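Novice: need coordinates for the following:
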Amino acid sequence: MSVIGILLILLKTISVVAVFLIHVMFVQYFERKAIGHMQSRLGPMRVGWHGILQPIADSIKLFFKEDIIPASSDKPIFYIAPIIGVIAAVSSLAVIPLWEGFSIANLNVGILYILALSSVGAYSVILGGWASNSKYSFLGGLRSSAQVISYEISMGLSLVGVMMMAGSTNLSDIVSAQDGRWFVIPQIIGFTVFFISALAETNRVPFDLPEAETELVSGFATEYSGMRWALFFMAEYAGMFVMSALAVVCFFGGWSGPGFWIFAYVPPVIWFLIKVYGFIFLYFWIRATLPRYRYDQLMRLGWKIFIPVALANIVITGVVKILWK
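Specialist: This next block holds a predicted model:
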């Protein structure tokens, strides 16, 4: 590869990561405002106009906050655990096409790459819970390991129908295969399983069992403070973006907009971001609405309902493809 090619890849990587991290920082502000209004509150109002500078104030506060390390913790693992989650989430951006022809790496196994990195990101929570040497953190880590094993299976199976219809695991090819017909309609079962599994994968309500403030204080993050604590939640919100982007690419036509001529001049990346933020808002709405599941309900839902339903969806998709061939 030429020097110019390498420089172009570096420029794309830095641009995408920088914009992504800014979005991750401010999505927490929008979540607090959205949930506040849903609960008849105002949310952040103090720092800047309607609290718009609150994420910057929080970042400065967390950066200078004391970093407390428990004396009995496994220090090397305690240090590295939060970083693993952030790296895994940010690395997933490499294969997501923001518009036609634009992705950092156009891999033929894009879906498998993202699923693999989501599994690696789970080690962040598991190792953080174990290395803290606290019973609350350890229980949070154990919950996360069982939760990820359960819902990673159903999430992967829910995407098999999409791969069968597109005939590829390349994300750009999947978007191209949806020209004029989004996969969410024929794959509504797969989409439902995928979205609920994504909630569990990102430890979001109603599946936030690994942190569960009511019984585990803060679960895996109980012993963390300062920027290390912030990295865990940066990874969580980054994971929300990645899962939302994957849902948009696999089920909602990626960067394509409605077929009406009046929308023809809207840039493709704007359509992509509108859809992604629609899913992000759905995360907020669910958090403001639903209570947390019990752990036995979480396991039963994953193993007895979602995995069989996802397998049935694969069979139905295969039969339909054979009959309509």
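
Novice: use CA for all of it now, contacts and neighbours both
Specialist: Noted.

Novice: which residues of the stretch 201-325 of the chain score low on pLDDT?
Specialist: Residue ranges of the stretch 201-325 of the chain with pLDDT under 70: 213-217, 259-264, 325.

Novice: any idea how far residue 220 is from residue 170?
Specialist: 34 Å (Cα to Cα, to the nearest Å).

Novice: next: residue 22.
Specialist: Applying Cα to Cα to residue 22 and residue 220 gives a distance of 25 Å.

Novice: farthest from the middle of this protein: give me that residue.
Specialist: Distance from the C-alpha centroid of the chain, by Cα atoms, centre = their mean, peaks at residue 323 (35.4 Å).

Novice: which one's more surrounded, residue 170 and residue 220?
Specialist: With neighbours defined as other Cα atoms under 10 Å, residue 170 and residue 220 compare such that residue 220 has more, 32 against 21.

Novice: list the residues that contact the more buried one.
Specialist: For residue 220, the contact set (Cα atoms under 8 Å, 6 or more residues apart in numbering) comprises 125-126, 128-129, 136-141, 210-211.

Novice: can you tell me which helix in the chain is longest?
Specialist: Longest helix in the chain, counting residues (DSSP state H): helix 3-38.

Novice: list the contacts of whichever helix or strand comes after that one.
Specialist: Using DSSP states H and E, the helix or strand that follows helix 3-38 in sequence is helix 54-64. Outside of helix 54-64, the residues within contact range by Cα under 8 Å, 6+ apart are 25-26, 28-29, 44, 46-48, 226-227, 230.

Novice: then stretch 198-208?
Specialist: Contacts of stretch 198-208 (Cα under 8 Å, 6+ apart): 118, 147-148, 151-152, 155, 209-210, 236, 239-240, 243, 283, 286-287, 290-293, 298.

Novice: select only the buried ones of those residues in ChimeraX?
Specialist: Selection of the buried residues among the contacts of stretch 198-208 in ChimeraX, burial being defined by 16 or more other Cα atoms under 10 Å:
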select :118,147,148,151,152,155,209,210,236,239,240,243,283,287,292,298
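
Novice: return the distance of stretch 11-24 from the chain's centre.
Specialist: Between the centre of stretch 11-24 and the centre of its chain there are 16 Å (Cα atoms, centre = their mean, to the nearest Å).

Novice: what's in contact with it?
Specialist: Here stretch 11-24 makes contact (Cα under 8 Å, 6+ apart) with 90, 93-94, 104, 234, 237-238, 241.

Novice: those in helices, which ones?
Specialist: Using DSSP H, the subset of these located in helices is 90, 234, 237-238, 241.

Novice: can you lay out the contacts of stretch 11-24 as a markdown table showing neighbour count and distance to residue 308?
Specialist: Shown next, in a markdown table, are the contacts of stretch 11-24 (neighbours: other Cα atoms under 10 Å; distance: Cα to Cα, whole Å):
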| residue | neighbour count | distance to residue 308 |
| --- | --- | --- |
| 90 | 19 | 31 |
| 93 | 23 | 30 |
| 94 | 20 | 32 |
| 104 | 19 | 35 |
| 234 | 22 | 33 |
| 237 | 24 | 29 |
| 238 | 27 | 29 |
| 241 | 24 | 27 |
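
Novice: go through those residues and name the one nearest residue 73.
Specialist: Among the contacts of stretch 11-24, residue 234 lies closest to residue 73 (Cα to Cα), at 22.5 Å.
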